[in-house]
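**Student:** Next come a sequence and a model predicted from it.
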Amino acid sequence: MDYIEYKSRQKNLKRIEFVVFQFLLSDWLIELDKFYISFIFLGILVLLTYWIGLFFNT
């Protein structure tokens, strides 16, 4: 594996890590809303984190 291929793989792994983090954050916000506290803009935050994850996944 050469240097360019290695850097390309690292870039892809960073993007995958970011997408996974966005989906985990979205799920955590849903759990927060269901079981602990609910506030007005939580649904918007859930959709925003989910959409960001989808955008960077494509």
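**Tutor:** Sure thing, it's come through. Residues are numbered from 1 along each chain as shown.
**Student:** What does Ile40 show for phi and psi?
**Tutor:** Backbone dihedrals for Ile40, given as degrees, to the nearest 10, come out at phi -60, psi -50.
**Student:** Give the burial count for it, as a bare number.
**Tutor:** Ile40: 6 surrounding residues under other CB atoms under 10 Å. (Glycine included, C-beta is placed from N, CA and C.)
**Student:** Equivalent analysis for the one 10 residues further on, please.
**Tutor:** Other residues near Tyr50 number 17, with proximity taken as other CB under 10 Å.
**Student:** does the residue nearest the centre of the chain sit in a helix or strand, and which one?
**Tutor:** By CA atoms, centre = their mean, the chain has its centre lying nearest to Gln22, at 1.3 Å. Taking DSSP states H and E as the criterion, Gln22 maps to helix 3-31.
**Student:** Now do the helix or strand following that helix: distance to the chain's middle.
**Tutor:** Downstream of helix 3-31, the next assigned helix or strand under DSSP H and E is helix 42-57. Relative to the chain's own centre, helix 42-57 is displaced by 7 Å; criterion: CA atoms, centre = their mean, to the nearest Å.
**Student:** buried stuff in helix 42-57?
**Tutor:** Leu45, Val46, Thr49, Tyr50, Ile52, Gly53 (16 or more other CB atoms under 10 Å).
**Student:** Test my guess that the second one contacts Ser26.
**Tutor:** Put plainly, it is Val46. Yes: the criterion here is CB atoms under 8 Å, and Val46 meets it with Ser26 at 5.4 Å.
**Student:** any shared contact partners between these two?
**Tutor:** Common neighbours of Val46 and Ser26 are not found (criterion: CB atoms under 8 Å, 6 or more residues apart in numbering).
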